[in-house]
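With the input below, show me the fold.
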Amino acid sequence: MLQLGPAGDEPCLRADAARNRARLLEAAARLIAEHGVAGVTMEAVAAAAQVGKGTVFRRFGDRTGLLMALLDHSAKTLQADFLGGPPPLGPGAPPEERLRAFGVALLHRSAEQLDLQLAAQPEPARRFAHPSAQALTTHVTVLLRQITPNADCDLLAQVLMGYLDPALIHHLTRQRGMPLERLEVGWADLVARVTGTEPR
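Next up, the predicted model:
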């Protein structure tokens with residue numbers, strides 16, 4: 001099982017700590033709904049949740065940690081879908097079909113949460129090491145090994161994940177005006193070219 005959250009962290013939380021964490025995340029989600037991502041500061045979340053600012057910093061470290069925690073729920077839902085959901089995203093379909101479905105699912109998830117995704121992106125060293133990013137890249141690597149076992153699948157997975165980067169999706173959809181459907185077609189074409197399989 002691929003793990004998206006910090007290893008061993010959440011199950012060990014005391015009941016009161018788990019409640020505090022949930023209350024902080026609910027407060028942050030309300031602030032986003034009311035004021036957008038820019039309205040989410042550590043101070044604003046503390047005030048909305050009626051706790052001290054230090055509590056927010058202890059729980060999440062910094063604003064990026066808080067925003068990453070907000071993304072955890074949808075990340076875990078996506079993980080459940082590709083690990084055990086119905087095909088073609090889940091098991092039961094050929095690996096190249098699963099890879100195409102994975103990219104489309106991630107494109108739509110990013111498009112729906114683009115402002116939050118961009119605000120939550122930490123600096124590159126931390127970004128690529130984050131458990132959720134590693135879980136997604138590992139899934140792509142596993143599928144690539146089934147399709148092209150003789151390739152350097154670790155590096156190819158990084159190339160494919162680069163196509164699904166929220167900053168690139170923002171640039172293409174919002175700055176260049178490309179429809180998401182064009183990105184989906186481009187993803188299928190890229191997968192076909194990288195894996196040497198027939199496009200749909």
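
residues in contact with P87?
Taking C-beta atoms under 8 Å, 6 or more residues apart in numbering, we find P87 in contact with 93, 97-98, 101. C-beta here means a position set from N, CA and C on the backbone, and glycine is covered the same way.

Could you pick out the buried ones from these?
97-98, 101 (16 or more other C-beta atoms under 10 Å).

Among those, name the ones in helices.
Counting by DSSP state H, those place 97-98, 101 in helices.

what's the closest of the residues you listed to A167?
A101 (22.9 Å; C-beta to C-beta).

May I ask which helix or strand of this structure has the lowest mean pLDDT?
Lowest on mean pLDDT, DSSP states H and E among the helices and strands of the chain sits helix 124-129, with a mean of 70.

Now do Q146 against P91, distance only.
Between Q146 and P91 the computed distance is 11 Å (C-beta to C-beta, to the nearest Å).

do A69 as well
For A69, the distance to P91 - C-beta to C-beta - is 28 Å.

what about these two, which has more around it?
Of the pair A69 and P91, A69 is the one with more neighbours under other C-beta atoms under 10 Å, namely 20 against 12.

Could you say which helix or strand holds that one?
helix 63-84 (DSSP states H and E).
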